[in-house]
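Participant: I would like to see how this sequence folds:
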Amino acid sequence: MIRQGAAMLDSPSVWLPANLAEAWELKQRLGLNACFVAGGTLLQTQWQKGFECPRHLISLEKINEMRGCEKNNHNGEASTRIGALTTLAACKDDPSLLKNIPLIEEAIRTIAAPAVRNRATIGGNIAGGFGDLIPALIALDASLSLYDGGKTEIKSLSDCIGQSGGTILTAIYVPENRILGQKRYFYKKLGFREAFTPSIVTISGCCKLNSQNEVEYIRLVAGGGTTPYQRLSCCEKLVEGLTLSNELLTTLFQAIREEFHTTTDPFTTADYKKTVAANMIVSKIASFAG
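Facilitator: Numbers count the residues shown, from 1 in each chain. Here you go, the predicted structure:
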């Protein structure tokens, strides 16, 4: 591993491990005084807000196995593996992702400016807990590959929401959708006018209707800003198997307001966020009914 000495007394030391094992060993040794870093865009915004800089930065940029997009077979199902160090710009422009997983490209277009997307990584967007890609990836039933120093474990992203760190996110697996044409995906972000501010509410989801407009499959996700992303499982169970109607959509609207947990902040009230999330989701699903 390589350590780059700090030119300024108050600057952190930057470590460049060559592999996952080295990166893990460094974190165990340096403890709370160190953090992992990839593109560094999230850390930069935190420092600008006055957060204390860690004494040691463990850069993962030399670990090549954490880069790139490729077809893969996970749990017997065809999937796309996206290395956690792959930049958002690379994901947005990857021909395979554009063709097979257009929802990712749609979500990335809402994230910051092109210069930021050239540095920011998909892993960093997820690891921060509030990244705009999270709801889209949950709607896609994505899984995370997590390294704990001894083994790599793959967990559903929706199961990882709200869990503390302690592992290294190495890759994201998105199952290949063999019936993509029958499933309709959606993503919408409501933000402030000012650049580089968190969203007010971001929603994403997936819905499959049969010829009778019965809901055969559904995923609903909401969050954004300072509100952690939440899969609205109760709302999904409420409508699955039923025929879309104005009455059902009205019931779904109220159910989203009840299940979506958020808080009032200096800019918007919790009630406003609940109403916005419910409006955006119901509007999208209603448009699928034709």
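
Participant: and Leu26, how far is that from Tyr147?
Facilitator: Applying C-beta to C-beta, to the nearest Å, the value for Leu26 to Tyr147 is 13 Å. Backbone N, C-alpha and C define where each C-beta goes, glycine included.

Participant: Could you pull out the strands in the chain for me?
Facilitator: Ranges of strands within the chain are 2-4, 13-16, 34-37, 56-59, 69-74, 77-83, 143-147, 152-156, 168-175, 184-191, 199-209, 215-224, 227-231, based on DSSP state E.

Participant: Would you mind saying which of these lies nearest Asp271?
Facilitator: strand 199-209 (12.1 Å; C-beta to C-beta).

Participant: how about the closest one as PDB, C-alpha atoms only?
Facilitator: Written as PDB, here are the backbone C-alpha positions of strand 199-209 (Å, rounded to 0.1, in the frame of the first residue of the first chain):
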ATOM      1  CA  SER A 199     -34.200  17.200  -3.100                       C
ATOM      2  CA  ILE A 200     -37.500  17.800  -1.300                       C
ATOM      3  CA  VAL A 201     -38.800  14.400  -2.300                       C
ATOM      4  CA  THR A 202     -37.600  11.700  -4.700                       C
ATOM      5  CA  ILE A 203     -39.800   8.800  -5.700                       C
ATOM      6  CA  SER A 204     -39.200   5.800  -7.900                       C
ATOM      7  CA  GLY A 205     -41.000   2.500  -8.600                       C
ATOM      8  CA  CYS A 206     -42.100  -0.200 -10.900                       C
ATOM      9  CA  CYS A 207     -45.500  -1.400 -11.900                       C
ATOM     10  CA  LYS A 208     -46.700  -4.300 -14.100                       C
ATOM     11  CA  LEU A 209     -50.400  -4.300 -15.200                       C
END
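
Participant: longest single helix anywhere in this protein?
Facilitator: helix 270-288 (DSSP state H).

Participant: Any idea how far that helix is from the middle of the chain?
Facilitator: Centroid separation for helix 270-288 versus its chain: 20 Å, with C-alpha atoms, centre = their mean, to the nearest Å.

Participant: Need the strands of the chain in a markdown table (columns: distance to Val276).
Facilitator: Output for the strands of the chain, formatted as a markdown table (distance: least, C-beta to C-beta, whole Å):
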| stretch | distance to Val276 |
| --- | --- |
| strand 2-4 | 45 |
| strand 13-16 | 41 |
| strand 34-37 | 33 |
| strand 56-59 | 37 |
| strand 69-74 | 33 |
| strand 77-83 | 30 |
| strand 143-147 | 28 |
| strand 152-156 | 27 |
| strand 168-175 | 27 |
| strand 184-191 | 6 |
| strand 199-209 | 5 |
| strand 215-224 | 9 |
| strand 227-231 | 11 |
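
Participant: nearest to Ser245, of those strands?
Facilitator: Per C-beta to C-beta, nearest to Ser245 of the strands of the chain: strand 215-224, 10.8 Å.
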